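S.K.: Give me a model of this one.
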Amino acid sequence: MNSTDFIVARDAFQECKFIETNLAEANSLPDEALLIKVDRFAFTANNITYATLGEQLKYWQLFPAPEVFGNIPVWGFGEVIASRHPSIEIGERLFGYFPMATHLVIEAADVSKRGLRDAAAHRQGVAPVYNAYARVSGNAAFEGLNGDYQALLRPLFMLSFLVDDFLREHDFFGARSVVLSSASSKTAFGLAHLLHSHPEPTHVTGLTSAANADFVRSLGCYDDVVTYDRIEALPKDAPVAFVDMAGSSALRARLHHHVNDAVKYSGQIGLTHRGFSPNEPELPGAKPAWFFAPDQIRKRAREWGPGGIDQRFGAAWSAFAPTLPKRLTVIQGRGPAAVRQIYLDTLNGRIPPAQGHMLSLWD
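M.R.: Here you go, the predicted model:
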């Protein structure tokens, strides 16, 4: 049996192709292994960040590809089409991290009523969330359009939730407002929604391109929208926390030099602009630092106890999800040609922010 995989050159993302990968026949799977048909998956600018950080954060090792190529991880749904595990039946549906492919073999471990993990050796050494699969058969929250929202936004909203929690835990580092770059991104507007959802909402400014400014205003979760060419119009003296989704060294330097010592926190979250320089000069204000979500997860897991994160996040998601139909149009794309086109359009910044794409390599 073969799997069709979509792979990209690790040092030249424009170079991409499809390959056929040999899989074990269903009747020769190892004990407790599962053969999954990858049904559909979300693809957003966040997946390009996974590729950009593929070496640093070990994303490339999760779904090995030949030679200098990599398979970009995606969030989506799969169906068990062969099972050697006594507790998992053919036809079960799973939600989790998949390759851009038609199939995946999972070494099922820690199986419970709610989920399982892949114990394959090459998938260890990363944050546990990247090896976890939820068992979602018959769960209406993971079916149809609801399922599309889960794949497109739930993992990103978890990052928004953790950043919001981190900022509140530190009382915004003494800042009086929060500035978000790449304000049209799904992680950014999820965070803006959360910052406005508390009893004492925080003043939130969104930085965005002129082309996306109207969309960002339409989201209804930013107090101010400032285009990148007008960064110098931001107040100079009011203390701010800067949450950087764009990852542009030049943009970050402009903001720091303009706001100066009033930058009380400068956290790098994403790389939507892919303009990060590892040798940045020292900037005025708070020193820029990466926000690493697994650290906050581990901290809160200890402090909130079993189920504490899931309970709080579930409540936040339940309040956020009903806002999505007005903010996002979900577009389905099926077949290799559609996958390749949406990948290249996302890579080159051609996807309108109001769109979310669910893809499948199955025609």
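S.K.: Check the gap between residue 78 and residue 163 for me.
M.R.: Spatial separation of residue 78 from residue 163 under the definition C-beta to C-beta, to the nearest Å is 29 Å. C-beta here means a position set from N, CA and C on the backbone, and glycine is covered the same way.
S.K.: Could you do residue 144 as well?
M.R.: Counting by C-beta to C-beta, the separation of residue 144 from residue 163 is 29 Å.
S.K.: Specify which residue of the two has the higher count of neighbours.
M.R.: The neighbour comparison of residue 144 against residue 163 (other C-beta atoms under 10 Å) goes to residue 163, with 26 against 9.
S.K.: Contact partners for the residue lying closest to residue 262 once chain neighbours are set aside?
M.R.: Ranked by C-beta to C-beta, 6 or more residues apart in numbering and with sequence neighbours excluded, the top spatial neighbour of residue 262 is residue 239, at 5.0 Å. Residues in contact with residue 239 (C-beta atoms under 8 Å, 6 or more residues apart in numbering) are 174, 175, 176, 177, 262, 263, 264.
S.K.: what about the helices in the stretch 201-350 of the chain?
M.R.: For the stretch 201-350 of the chain, applying DSSP state H, counting those that start in this stretch gives helices covering 213-218, 249-259, 293-304, 308-320, 324-327, 336-347.
S.K.: partners of residue 135 in the sheet?
M.R.: Residue 135 has the following beta-bridge partners by DSSP bridges: residue 94.
S.K.: Wait, it touches residue 94, no?
M.R.: Yes: with contacts counted by C-beta atoms under 8 Å, residue 135 reaches residue 94, the gap being 6.3 Å.
S.K.: between these two, what contacts are shared?
M.R.: Looking at what touches both residue 135 and residue 94 (by C-beta under 8 Å, 6+ apart), the common residues are residue 116.
S.K.: higher neighbour count, these two?
M.R.: Shown here are residue 135 and residue 94; by other C-beta under 10 Å, residue 94 has more neighbours (27 against 21).
S.K.: what's near enough to touch the more buried one?
M.R.: Contact criterion C-beta under 8 Å, 6+ apart gives 36, 77, 78, 79, 80, 116, 133, 134, 135, 136 as the residues in contact with residue 94.
S.K.: of the residues you listed, buried ones?
M.R.: Among these, those classed as buried by 16 or more other C-beta atoms under 10 Å are 36, 77, 78, 80, 116, 133, 135, 136.
S.K.: Between which two of those is the distance greatest?
M.R.: 77 and 116 (14.6 Å; C-beta to C-beta).
S.K.: So which residue is smack in the middle of this protein?
M.R.: residue 156 (4.1 Å; C-alpha atoms, centre = their mean).
S.K.: Might one say that residue 126 is in contact with residue 60?
M.R.: No: under the contact definition of C-beta under 8 Å, residue 126 does not touch residue 60, with a separation of 10.7 Å.
S.K.: higher neighbour count, these two?
M.R.: Just comparing residue 126 and residue 60: by other C-beta under 10 Å the higher neighbour count belongs to residue 60, 20 against 17.
S.K.: With distance to residue 40, pLDDT and neighbour count as added columns, please give the contacts of residue 239 in CSV.
M.R.: Supplementary listing: the contacts of residue 239 in CSV, determined by distance: C-beta to C-beta, whole Å; pLDDT from 0 to 100; neighbours: other C-beta atoms under 10 Å:
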residue, distance to residue 40, pLDDT, neighbour count
174, 45, 96, 12
175, 40, 96, 22
176, 43, 89, 14
177, 39, 95, 18
262, 45, 97, 20
263, 41, 97, 25
264, 42, 98, 18
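S.K.: These in strands, which ones?
M.R.: Among these, the members found in strands (DSSP state E) are 177, 263, 264.
S.K.: residue contacts, the first one?
M.R.: Remark: with contacts taken as C-beta under 8 Å, 6+ apart, residue 177 is in contact with 202, 203, 204, 205, 223, 238, 239, 240, 241.
S.K.: Tell me which two of the residues you listed sit farthest apart.
M.R.: Of all pairs drawn from the contacts of residue 177, the greatest distance, 15.7 Å, lies between 223 and 239 (C-beta to C-beta).
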